[in-house]
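**Q** following is a predicted model, sequence given first.
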Amino acid sequence: VYDSDEGAAVEDDAVGSVSAEYHKDLVMITELVSSEGQLGPTLRAVYDSDEGPSIQTTFLEGLDHYTKRMDLEIERMCNKYYQGFIDSIDELLQVRPNAQELKDLVMEAGRGLVQSGTALHESTEDLVQWRTVQRNVLTAIESLTSCLPVLKLFCKINSQISQKRYYPALKALQELENVYLPRVSKYTFAVRMRERVPLLRKLVKTAAHNELQDFLAAIRDKCGAIGEAAMNQIMSSQNAKLTDPDKEMSADLCASDLADFSSLYRCLHIYVVLGCRGEAEQYYREERRKQLQLVLQPSSNMGSLSAYTEYFFEVAGFFLIEDTVLSTTEDLISRQWADDLWELAVTRISGVLEVQLANCTTSETICSVKQLIALFNQTLLGYGYNVSRLFDILLQVRERYTAVLLEQAHPTFRELLLGDTFQQVTVHSEEEMRGVMEMFPYQDRIFQEAPYPKTFPFSVAVPQIYQDIRNFIDTSVKFVGDLDLSHTEVDEMVRKATNQLLTRVVGGAYEAFIEKCSSLPQLAQISVNCTQLENACVKLERYISSITHSREDEVHVTRLHGAAAFKDARQTAEDKIFSVVQAQIDDFFELASYDWAPADDKGAANEYIYDLLAYLTTMFAQLTNVLRDVAKTAYLDTCKYIGRKLLELLMDEQVKRINLQGIKNFSADVETCEQYADSCPLLAPGESLTVGVFTPLRQLVNLLLNWDWSSFLDDAIRARKYPQVRPEQALALVLKFDEGERKSFLFRSADEKKRDKERDAIVRRLRAIIDAR
């Protein structure tokens, strides 16, 4: 231990011995000692100095001197505080027992602390573990709090889809995708959910498509019920308007009243949310067009009224549904699209009716179909559809109706004619006459004033025919009465149909009956009946004007042609009377057997002439009782025909030779016929109906009997004496005329040769006259 003074001397000597050249190094050492940071930079500055090893040696020497100085400083300080140190050691020795006791206490306390610390450590580990669990629970709660709404919404979406609440499911799915899933995007289930969102949308779209299909199928089945309800409502409105003319007709019924369109609206909303509304529109329009094709397809039993009714109910219901869809949805269908479907339907309906009604043979069915069409028109017109073309269809139906009525009338009028007695109707009392007059408007002042029993000129078929014609008119007016036509149009249609009945049916029935009839009394009565019906056509025209409320003096009104039809039938009957008489005359003339070159004169007419005239007398007596004017005409035509037949016998090419005796016998037949014609019982005194009937034949016979060729060959005399004898006829008879037997020229007498020369001269002159003409 050094004394402090000695240490200070040594320190001074040491410091004094340090030369100035070490001052720089001492500065660095001082900085190194006082530095609290890293020593590396200072040491690096020493060793990296440009002075090389000398600075290092100097630095080490300086460091050594500084170390010695610090040692002296320490020694001096120790010497200064040595006594205090000793005192402290003594005190320390004194407290040593206490320290040992304290140590024991501390050791005891330490052991207690260890024991307490062990339990505390264990509790701390448990606490840390529970703290971790608590933190995890809180984290889980926080995560569940954020995930539960997502999961609940997802479950809700699935539940709504299973409950077919697709629109709210899509809305919730939208919310799930845009709001909730971004909040839990870090979770795996969120990724899975996001992947499932398109699948759910596809599932909803498929379900919506299926629901739309179900709606279309259901609404197709309800077309008939909807159309029936709408048409019944219009019919009820029309009936109400008949009882209350001031009541306005309206179409209050909507298809949504009878069918549920909510599924359609839901599907549209779903397709809108899915962004594919165009697909729904296209699918709806395509399917409805296909359904329309099925609706417009006629059933196999279309001939029944129930089939027509169902057909129009279906079509009406279809377009009422489209009207409802058009008015309750936005752009699902357009008015143009609906109108196009309507035009297609009208064209198809027209074709179906044309084909089906062509096979319909009952007027009742056609009338019912017409009422259906009219009701169908009114129904669709109330919903804004253009039904003008359907009115044209009604006119076509009317034409078919008229045709069927005419077809049904054919057997009716045929049976009337077949069942006619062709006996004039006789009444014995006022009641009987009133019954006939109610059926047929016969007016005759003389007949009215005559006493009972009275006899009408017509047979029983005439009132029945007239009544059936009126019934036909009534039926025609009833058919066109509700077609919204003017009185003039109705009048013209009825007159046209009546004309067809009179000309085709009634006139045709008479023509057919007359053709088969060979009874002269029946033919005569038919002529009378046709005359009466011809006169009654004026009453028919007035009747038509009265029930159609048109004026008779309108120039554009179609006139009835029935008078001409009955006139033609009457003329046919009269012609048939003459043809029957002609046939009988032909039969008699077939019995004629002439010897044109007899040896002597018979002096009387042939037997067949007497038989013929006797038949004609009886026949004309029967005709006179029915129709005197017809009998007169037939009498005149019969006489003319007999004259032609006699002339044909005389001019027959098979007659090769005649003589004077043959001409005389033939002249007797002609004379008998002339007497018959002049003694006609049908002629009143002073009448000359049959004068000149046999004149051509008489002039020719007289020419041959008198051999008056000089007069005939003179033009002037011929024109006065034989005006109705043709030179051709005279030439043919001259060539056949031969008085004697045919001999050779050498054996003929002088008179015969003279007569032959004369005949040859006559032949040359006649041929010259013929050539000159």
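**A** In hand now; what should we look at?

**Q** any stretches of the stretch 1-150 of the chain with poor pLDDT?
**A** Low-confidence segments of the stretch 1-150 of the chain (pLDDT under 70): 1-28, 31-32, 34-39, 49-53.

**Q** what's the first helix or strand after the longest strand along the chain?
**A** Longest strand in the chain, counting residues (DSSP state E): strand 454-459. Using DSSP states H and E, the helix or strand that directly follows strand 454-459 along the chain is helix 461-480.

**Q** quick one: distance of that following helix to the chain centre.
**A** 34 Å (Cα atoms, centre = their mean, to the nearest Å).

**Q** who's in contact with Glu407?
**A** Contact analysis of Glu407 by Cβ atoms under 8 Å, 6 or more residues apart in numbering lists Thr361. In this view, the C-beta of every residue, glycine as well, is placed from N, C-alpha and C.

**Q** re the thing from before, what residues sit buried inside the longest strand of the chain?
**A** For strand 454-459, the neighbour count (16 or more other Cβ atoms under 10 Å) marks Lys454, Phe456, Pro457, Phe458, Ser459 as buried.

**Q** what pairs with that strand, parallel or antiparallel?
**A** strand 424-427 (antiparallel) (DSSP bridges).

**Q** average model confidence for the partner strand?
**A** The pLDDT scores in strand 424-427 average 86.

**Q** next structured bit after that strand?
**A** Sequence order places helix 430-439 as the next helix or strand after strand 424-427, per DSSP H and E.

**Q** need the pLDDT of Arg285.
**A** Arg285 carries a pLDDT value of 90.

**Q** burial of it, as a residue count?
**A** For Arg285, the count of nearby residues is 15 (other Cβ atoms under 10 Å).

**Q** residues in contact with it?
**A** Taking Cβ under 8 Å, 6+ apart, one finds Ile333, Trp337 in contact with Arg285.

**Q** could you report the separation of it from Thr206?
**A** 20 Å (Cβ to Cβ, to the nearest Å).

**Q** count of neighbours near Ile585?
**A** 19.

**Q** one more: Ile29?
**A** By other Cβ under 10 Å, 19 other residues sit near Ile29.

**Q** mind listing what's buried in stretch 337-351?
**A** By neighbour count on 16+ other Cβ under 10 Å, the buried set for stretch 337-351 is Trp337, Ala338, Leu341, Trp342, Ala345, Val346, Arg348, Ile349.

**Q** also stretch 439-453?
**A** Met439, Phe440, Tyr442.

**Q** okay, the residues you listed in TSV with distance to Ala631 next?
**A** Formatted as TSV, the buried residues of stretch 439-453 follow (distance: Cβ to Cβ, whole Å):
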residue	distance to Ala631
Met439	28
Phe440	24
Tyr442	22
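
**Q** among these, which one sits closest to Leu105?
**A** Of all the buried residues of stretch 439-453, Leu105 sits closest to Met439, with 157.6 Å by Cβ to Cβ.

**Q** who's in contact with that closest one?
**A** With contact taken as Cβ under 8 Å, 6+ apart, Met439 is in contact with Pro463, Gln464, Tyr466, Gln467.

**Q** drop anything exposed from the residues you listed.
**A** Among the contacts of Met439, those scoring as buried are Pro463, Gln464, Tyr466 (criterion: 16+ other Cβ under 10 Å).

**Q** how many neighbours does Leu264 have?
**A** Neighbours around Leu264, by other Cβ under 10 Å: 24.

**Q** longest helix of the protein?
**A** With secondary structure taken from DSSP state H, the chain has its longest helix at helix 96-162.

**Q** so which residues of the stretch 501-650 of the chain form helices?
**A** All helices of the stretch 501-650 of the chain, identified by DSSP state H, counting those that start in this stretch, fall at 507-516, 520-548, 562-590, 607-626, 628-651.

**Q** out of the ones you listed, nearest to Gln371?
**A** The closest of the helices of the stretch 501-650 of the chain to Gln371 is helix 520-548. By Cβ to Cβ, the value is 19.5 Å.

**Q** what helices and strands are in contact with the closest one?
**A** With contacts taken as 3 or more Cβ pairs under 8 Å, 6 or more residues apart in numbering; DSSP states H and E, helix 520-548 sits against strand 454-459, helix 461-480, helix 487-500, helix 507-516, helix 562-590, helix 607-626, helix 628-651.

**Q** any chance of these in JSON lines, with distance to Asn158 and mean pLDDT too?
**A** Shown next, in JSON lines, are these (distance: least, Cβ to Cβ, whole Å; pLDDT from 0 to 100):
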{"stretch": "strand 454-459", "distance to Asn158": "93", "mean pLDDT": "85"}
{"stretch": "helix 461-480", "distance to Asn158": "65", "mean pLDDT": "85"}
{"stretch": "helix 487-500", "distance to Asn158": "69", "mean pLDDT": "80"}
{"stretch": "helix 507-516", "distance to Asn158": "82", "mean pLDDT": "86"}
{"stretch": "helix 562-590", "distance to Asn158": "84", "mean pLDDT": "84"}
{"stretch": "helix 607-626", "distance to Asn158": "102", "mean pLDDT": "79"}
{"stretch": "helix 628-651", "distance to Asn158": "103", "mean pLDDT": "82"}
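
**Q** could you tell me the angle between the helix or strand just after the longest helix of the chain and helix 96-162?
**A** Proceeding N to C from helix 96-162, the next assigned helix or strand is helix 166-175, under DSSP H and E. Helix 166-175 runs at 150 degrees relative to helix 96-162, counting by axes from the mean of the first three to the mean of the last three Cα atoms, to 10 degrees.

**Q** which parts of helix 166-175 are buried?
**A** Tyr166, Tyr167, Ala169, Leu170, Ala172, Leu173.

**Q** number of nearby residues for Pro411?
**A** The number of residues packed near Pro411 is 12, by other Cβ under 10 Å.

**Q** from Thr498, how far out is it?
**A** Using Cβ to Cβ, we find Pro411 at a distance of 19 Å from Thr498.

**Q** Phe472: how many residues sit nearby?
**A** So Phe472, with other Cβ under 10 Å, has 24 neighbours.

**Q** show me what contacts it?
**A** Leu405, Ala409, Ala497, Thr498, Leu501.

**Q** excluding chain neighbours, what is closest to Val763?
**A** Of all residues not flanking Val763 in the chain, Val734 sits nearest, at 5.8 Å (Cβ to Cβ, 6 or more residues apart in numbering).

**Q** for that neighbour, which three-state class applies?
**A** Following DSSP: H, G, I helix; E, B strand; the rest coil, the label given to Val734 is helix.

**Q** coming back round to it: for Leu92, state which of the buried residues of helix 166-175 is nearest.
**A** Leu92 has its nearest neighbour among those in Ala172, at 86.0 Å by Cβ to Cβ.

**Q** model confidence score at the closest one, please.
**A** Note on Ala172: pLDDT of 85.

**Q** and the nearest residue to it once chain neighbours are set aside, how far from His65?
**A** The shortest distance from Ala172 to any residue that is not its chain neighbour, by Cβ to Cβ, 6+ apart, is 5.0 Å, and that residue is Ile157. The spacing between Ile157 and His65, counted by Cβ to Cβ, is 92 Å.

**Q** out of these two, which sits in the busier spot?
**A** Under the criterion of other Cβ under 10 Å, the comparison of Ile157 against His65 puts Ile157 first, with 24 against 18.
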